[in-house]
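Visitor: I need the structure of the sequence given here:
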Amino acid sequence: MRLGLNTLIRDPDDQTQWIPIETMIDLAIELGLDLIDVQLDRGLRSLDDAYLRSIRERCTSSGLDIGYAGVGHGFVGVREHDATITADALAADEWEDRVS
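Guide: This next block holds a predicted model:
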């Protein structure tokens, strides 16, 4: 079995921000995990090729695999209220569109 972590963790000091990917990589290495799952719209400073390659290199040089790189909200909707984003059930037709 391989263990990893997902980077979907908000900054405890500022719940409107995500913990930077670099911090999450360091944590995964410190914990001796095997991989890290990333969301391309959370925790990254940029989607620039050079920056993304530097993130990949940081992981691979430390023996940390990137298990998943995703984008979007998946199979849940989002609701924003007072700068807080929470998961919300999708309408049946929207769920069907995302799954099919």
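
Visitor: just the helices in this structure please.
Guide: Secondary structure of the chain (DSSP state H): helices at 21-30, 49-61, 92-99.

Visitor: nearest to residue 37, of these?
Guide: helix 21-30 (9.7 Å; Cβ to Cβ). In short, each C-beta sits where N, CA and C put it, glycine included.

Visitor: Tell me what angle that closest one forms with helix 49-61.
Guide: On the basis of axes from the mean of the first three to the mean of the last three Cα atoms, to 10 degrees, helix 21-30 is oriented at 10 degrees to helix 49-61.

Visitor: where in the protein is pLDDT low?
Guide: 71-81, 83-90, 95, 98-100 (pLDDT under 70).

Visitor: Go again with 80.
Guide: 40-43, 69-100 (pLDDT under 80).

Visitor: Could I get the contacting residues of residue 36?
Guide: The neighbours of residue 36, taking Cβ atoms under 8 Å, 6 or more residues apart in numbering as the test, are 4-7, 24-25, 28, 59, 64-67.

Visitor: Adding mean neighbour count, write the helices of the chain out as JSON lines.
Guide: Listed next are these as JSON lines, based on neighbours: other Cβ atoms under 10 Å:
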{"stretch": "helix 21-30", "mean neighbour count": "17"}
{"stretch": "helix 49-61", "mean neighbour count": "12"}
{"stretch": "helix 92-99", "mean neighbour count": "10"}
